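[1] Using only what follows, build the 3D model:
(chains A and B)
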Amino acid sequence: MKRSILIQLSILLALILLTNLVDTKSRANYEEILGQAGGVKVDLTGDVKIFNSSPTHETPRKGGTLIKAESAEPENLNYYTSTSAAAKRFLDYIYESLINYDYTTWEYNRPVLAQHYEISEDKKTYTFHLHKNITWHDGKPLTSEDVLFSLKAIMNPYVDDAPLRAYYRNVVEARTPDKYTFIVRTSDTYFLNLEYMGGFAILPKHQWDPNGMMDRFDVQDLKDPQVFNNESDIKEWADQFNTNPLNRPAGMDAGKLIGSGPYKFHRWITGEYMMLVRNENYWNKEKPHISGFTEEPGYLDTIIVKSISDATAMLTALKAGDVDFLPRMRAIQYFEQTNTPDFLEKFQKVTFVVPAYSYVGWNNDKPYFQDKRVRQAMTMLIDRNAYNKYIGYDLGIPTIGPFYPFSPQYNDTIPRWPYDPDRAVELLDEAGWIDHDGDGIRDKDGVPFKFIFSVSAGSRGSKLLALMMKEDLQKIGIVVGIRQLEWSVYVENLRDRQFDCVMLLWIGGLQADPYQIWHSDNIGNRGSNYIGFRNAEADSLIIAARYEMNPVRRDSMYWRFQEILHEEQPYTFMFYQRDPGAYDRVFQDVKWIPIRPGYNNVSWWRRVSSGANVGMAP
Amino acid sequence: MKQQKKSRTYLDIVKRQFARNKLALYSLHVIYVLLFIFIFADFLANDKPLIMKYKGEYYAPVLREYGVEMFGMQWQDEFKTQQWKLLASKFEEGDWAVWPVVPFGPNDYDLKRKLMPPNSTHLCGTDELGRDVLSQLIHGSRVSLLVGFVAVAIYVTIGMILGALAGFYGGWVDVIIQRLIEVMITFPRMFLIITIVAVVQTQSIINIMIILGLTGWTGVARFTRGEFLKVKNEDYVTAAKALGFSDFRTIFRHVLPNTLTPVLVTATFGVAAAILIESGLSFLGFGAPPEQATWGSLLSSARDMLPSGWWLTTFPGLAIFITVTVYNLVGEGLRDALDPRLKQ
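    Numbering: from 1, shown residues only, chains lettered A, B, ... in the order given. Purely as a prediction, here's the structure:
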């Protein structure tokens, strides 16, 4: 027994010494490190709307494989019920929607399945005319019946898609006058109506409802408790949908998901990879496929998403050639471990903006964070720039509010709160948080200023920030405890509002509607305003902006809303995210876009390897 | 001549036997050093001066910290902000301070000094927040050794009592306790511990110590039971019974002391095993809370840095390696020394 321990330890020691041999050079100065990574910084400000990091004049070649590595594997592959971003990233190659983003203006109005569409005078009725030649991957035609079925699936109250369904509450009528026309009517003029009415993925009715169980219900029935409580079919179908084995088509003999998109689902081996193959019979051969972005609906024959949970293993796989593309590396890997000439010659490194921002959220209902002066003080106590520079390798883009910083919604006239501990201490004193009882901890009305910073177990950045805050705040008489929680527990606590302070990321779009996160309606009942932000003016601005169809007027409301947020500091807004990634230089026309996940592989093509690898092209 | 033949006690024999094993002897000295670090960690690595003269007054901030934490004393007003780093700049003439050997606290961060390789200021380098690794190692030794000792103390106590009862009474008591032991050892220990930690939720080393203690007693119980079976028919036990001593007194005063030696040997190995398990748990993120530096958590945060930052893995790895090895060597030496068949 003890001998085996000794042997194990000797092996451990040997391994440690071995790893030391790998990296014996001394470290460069940090400032130099930030400058010498040798990658491309994707910049989507100003007029640049698409960034090509491997431009070429060659004619794109069809064929080849792209293998990318992702750390998280989706729990299921149902477009509506899956909550994981990895599932959406994968399924977006399989399913299509009526309309999508225009890749030149970044407005949500490019017809895809719809040939064209009309919006009524009162902005409440949306008529979509479908292409007549659309076929599913199995050859069956896609018609307006499938569109209506998909909308009903989303609106079915028993389907596990509550966050998505919330955006379809305003649907009052949906019908299909003929096989290629789909009409949907809403009760209001919400400014994102087109995005939601035309933006949901269309699922094939013949795969998900072969017996037509949902046929006899219309959208009104799905909103009427009288009907959906009494009609057992609605619940029965939803249960089938939620538990359909096709939600996890894992394994060699699993059924195949059928979509209409440029790539077909091929296989999913749990814990290993998910695989897509090009749809040779794709219905949309129109050129250019996406204006300004790609001529063909995909050049690569296969796209494989490998699941590698460990970051070090991921980089090793890239170097070994087992993987072609890492969409998300660790910053330290990007800046410090991939600077060898060999690596830079074979791989292109890129940092690109993803529409997500990090923030520290203060539970506004806790005694210590009720006063806005305290929240302002907390913001001024966090040295955000040093955090970004030293922990984040200067990747973050400073932000003062919840909107995409390069969109007209973002109020760029508001200066950030500075890092100013002295002013912060003054504000704390003003707010009445003084050490009354002389125990070294600030208190007010008998409540000592002790709070818990909840950290999700996987999040390294928030753990480091918590450690920094604990040290810094202790010096001015505030005690910070750190609690590390598993993600599922973390989210539970968040929804139940059982926390003092959290650090998280919100992933958004180019156009955001602050209602879900900031309106006081969404406090409690497990709503997304879990920090409990209440402000009457903000509430009325949010509501008024939702139904304001004039973008200029709407944005001016959002600018005022951001001023309120800035003053109230319910969150300490940290940074818009920039992800570091790397791909094999064999890929051309690698384009980066401002919507998540930041790239779209349909534009990528693989050059036949040259030089030493002649004749070895896959 | 007669005086030289002075009879030697059992302890003397054991000591002499032990001293023959040079490796074990050196290991014992290493343990002494570890114990010294364990007790005086605050005086070895701290961002506060040990003793100083400031504006004409004498202060001992490290001692004061004990006062503040344990006895509800207060920091002097001028030190409330804990800005020890800035102290030197505020010194007037005649002021001085004696700093600890490692003048950094374990949680004392300085982003500008992040990830520095070992150098004259930071002997073991710094981590990604610019914290001194040596200071974290020194304070981490407390957690590791404390977990080792307390966990083993708990399970030796439980194991001895249960083993004694089983061995002394036999019969159905024995059957029940034996089945209990069998049930316990069918669970893989590491999984059992991880499961319990996951259920308990709050992270603290006390929980880890208790869990390790509650899951590790089976070996000790079996040993003690075996020894009891061997000893319980000896004459002195019969004598104790004949004198009408209570069972309690017979077990704990007369039999148990004679069965202690093998238990002590297992305990020594147990300390090493507990340190290893604690490191493993911290490595997996189940162990001590994030602000508490332990050897395992140091290794765990270093793992993400690989292959850069070799000093982050080497020094905690070495610390674990050396500690576990010396405990094993001492245990081995002790076992050999206690074994009468090896007596020379």
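
[2] Tell me the spacing between A:Val455 and A:Lys475.
    21 Å (C-beta to C-beta, to the nearest Å). For glycine as for every other residue, the C-beta is placed from the backbone atoms N, C-alpha and C.

[3] more crowded one of those two?
    Counted by other C-beta atoms under 10 Å in any protein chain shown, A:Val455 and A:Lys475 do not tie: A:Val455 has more neighbours, with 25 against 15.

[4] Could I get the contacting residues of that one?
    Applying C-beta atoms under 8 Å, 6 or more residues apart in numbering or on different chains, one finds that A:Val455 lies in contact with A:462-463, A:466, A:482-485, A:503, B:290.

[5] Kindly recompute the last result at 6 Å.
    Each residue near A:Val455 by C-beta atoms under 6 Å, 6 or more residues apart in numbering or on different chains is listed here: A:462-463, A:466, A:482, A:484.

[6] repeat for B:Leu306
    Contact criterion C-beta under 6 Å, 6+ apart gives A:Thr312 as the residues in contact with B:Leu306.

[7] Helix, strand, or coil at it?
    Following DSSP: H, G, I helix; E, B strand; the rest coil, B:Leu306 is assigned to coil.

[8] Any chance of the backbone angles for it?
    Taking degrees, to the nearest 10, you get phi -50, psi 140 for the backbone angles of B:Leu306.

[9] Residue 289 - nearest residue in space that isn't next to it in sequence?
    Looking at chain A here, since you left the chain open. Here the nearest residue to A:His289 in space, its sequence neighbours aside, is A:Pro297; by C-beta to C-beta, 6 or more residues apart in numbering or on different chains that works out to 4.5 Å.

[10] Chain B, not that one
    Counting by C-beta to C-beta, 6+ apart, B:Gln203 is the residue found nearest to B:Pro289 once chain neighbours are left out, at 4.5 Å.

[11] Compute the number of surrounding residues for that neighbour.
    Residues near B:Gln203, counting by other C-beta under 10 Å, number 21.

[12] Quick one: the strands in chain B, in order.
    Along chain B, the segments classed as strands by DSSP state E run B:51-54, B:57-59, B:96-98.

[13] tell me which residues in the first one are buried?
    It stands for strand B:51-54. Across strand B:51-54, burial judged by 16 or more other C-beta atoms under 10 Å in any protein chain shown covers B:52-54.

[14] What does whatever residue of the stretch 101-250 of chain A ends up closest to chain B show for phi and psi?
    Going by C-beta to the nearest C-beta, chain B is nearest to A:Arg248 of the stretch 101-250 of chain A, at 24.7 Å. Backbone dihedrals for A:Arg248, given as degrees, to the nearest 10, come out at phi -130, psi 70.

[15] For the residue nearest to it when sequence neighbours are not counted, give its distance to A:Arg495.
    With C-beta to C-beta, 6+ apart as the measure, A:Asn76 is the residue that lies nearest to A:Arg248, at 5.3 Å, once sequence neighbours are left out. A:Asn76 sits 21 Å away from A:Arg495 when distances are taken as C-beta to C-beta.

[16] How about residue 223, nearest residue that isn't a chain neighbour?
    As the question left the chain open, I've gone with chain A. Setting aside the residues directly before and after it, A:Lys223 is nearest to A:Met155 in space (C-beta to C-beta, 6+ apart), at 7.1 Å.

[17] other chain: chain B
    Distances taken as C-beta to C-beta, 6+ apart place B:Pro262 nearest to B:Phe223, at 5.3 Å, with adjacent residues excluded.

[18] Pull up the gap between that neighbour and chain A, please.
    Spatial separation of B:Pro262 from chain A under the definition C-beta to the nearest C-beta, to the nearest Å is 14 Å.

[19] isn't that residue right up against B:Arg225?
    No: the pair B:Pro262 and B:Arg225 fails to qualify as a contact (C-beta atoms under 6 Å) at a distance of 11.4 Å.

[20] Pull up the residues of the stretch 301-450 of chain A that are close to chain B.
    When proximity is defined as C-beta under 6 Å from any C-beta of the partner chain, the stretch 301-450 of chain A approaches chain B at A:312, A:336-337, A:386, A:390.

[21] Bridged to the closest residue to B:Gln76 other than its chain neighbours, which residues?
    Beyond its immediate neighbours in the sequence, the residue positioned closest to B:Gln76 (C-beta to C-beta, 6+ apart) is B:Tyr59, lying 7.1 Å away. Here B:Tyr59 shows beta-bridge partners B:Met52, assigned using DSSP bridges.

[22] and if you look at A:Arg185?
    Beta-bridge partners for A:Arg185, by DSSP bridges, are A:Thr125, A:Glu173.

[23] What is the burial count for it?
    When counting by other C-beta under 10 Å, one arrives at 18 neighbours for A:Arg185.

[24] isn't it right up against A:Val171?
    No: because the distance of 7.4 Å does not satisfy C-beta under 6 Å, A:Arg185 is recorded as not touching A:Val171.

[25] Phi, psi for the residue nearest to A:His289 please.
    Note on A:Pro297: backbone dihedrals following degrees, to the nearest 10 are phi -80, psi 60.

[26] before we move on, what about B:Phe187?
    The phi/psi pair for B:Phe187 (degrees, to the nearest 10) reads phi -80, psi 130.

[27] Nearest residue to it in space, please, no chain neighbours.
    That would be B:Thr215: by C-beta to C-beta, 6+ apart, it lies 7.8 Å from B:Phe187.

[28] higher neighbour count, A:Asn76 and A:Arg495?
    Neighbours of A:Asn76 and A:Arg495, each counted by other C-beta under 10 Å, are more numerous for A:Asn76; the result is 18 against 14.

[29] mind checking the SS state of the more buried one?
    Look at A:Asn76: counting by three-state DSSP, its state is coil.

[30] Tell me the pLDDT of it.
    For A:Asn76, the model assigns a pLDDT of 89.
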